[in-house]
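Peer 1: Can you look at this prediction? I've put the sequence above it.
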Amino acid sequence: MIKLVGAALVLFAGTMLGFLQAARFAERPKQIRHLLHALQRLETEIGYGQTPLPEALARMAGVLPETLAVLFRRIADELRSSSGETVKNAWERILSEGWPTTAMKAGEKEAMLRLGSSLGGSGRDDQLKHVRLAVLQLQAEETSAREDQMKYERLSRSLGVLGAALVVILMM
């Protein structure tokens, strides 16, 4: 009886691990898409609204899911504070601290870090060019993420179930 309960728990745990990994593959393209929409909004704020960067980032956070919104809210709060930290330093520090909570990978992080190094330190036209460049880079990453999702999402689910079944068989 105890072996049966243990086998059921192992099977359940392995299956859930596979499903969690599959969900991560599914979440990455969604988060990139949200980030692309937010960057387009930032581009509008910089180009047409001429909104100060902290306010533009706070508005950007308003259209993002909470996982990403918290990063941009923290950057905006840091820029509003009188700590004297540069935009680049605050951007890099907060993105580096919060990036592991997202489903995104190093390519997306690199594009965002490059964008942060140019925001607030150059003219409006230069900032707009950097935002557009980040959008292009993220679009390429989104394509890659969708391909990974198609390849590995189903595989992850199957491996979770099959791996757990193998462990159960070895236990018996």
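Peer 2: Perfect, I can see it now. Numbers count the residues shown, from 1 in each chain.

Peer 1: helix/strand/coil for residue 141?
Peer 2: Under DSSP: H, G, I helix; E, B strand; the rest coil, residue 141 falls in the helix class.

Peer 1: What count of nearby residues applies to it?
Peer 2: 23 (other C-beta atoms under 10 Å). To be clear about C-beta, it is placed using only N, CA and C from the backbone, and glycine gets the same treatment.

Peer 1: just residue 120 next, same as before
Peer 2: So residue 120, with other C-beta under 10 Å, has 16 neighbours.

Peer 1: and it, what does it touch?
Peer 2: Residue 120 makes contact with 53, 79, 86, 87, 88, 127 under the criterion C-beta atoms under 8 Å, 6 or more residues apart in numbering.

Peer 1: Give me the buried subset of those residues.
Peer 2: 53, 79, 87, 127 (16 or more other C-beta atoms under 10 Å).

Peer 1: got JSON lines for these, with pLDDT and secondary structure too?
Peer 2: Putting the buried ones among the contacts of residue 120 into JSON lines (pLDDT from 0 to 100; DSSP: H, G, I helix; E, B strand; the rest coil) gives the following:
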{"residue": "53", "pLDDT": "85", "secondary structure": "helix"}
{"residue": "79", "pLDDT": "86", "secondary structure": "helix"}
{"residue": "87", "pLDDT": "84", "secondary structure": "helix"}
{"residue": "127", "pLDDT": "86", "secondary structure": "helix"}
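
Peer 1: and the residues you listed as CSV, adding distance to residue 17?
Peer 2: Shown next, in CSV, are the buried ones among the contacts of residue 120 (distance: C-beta to C-beta, whole Å):
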residue, distance to residue 17
53, 41
79, 39
87, 39
127, 43
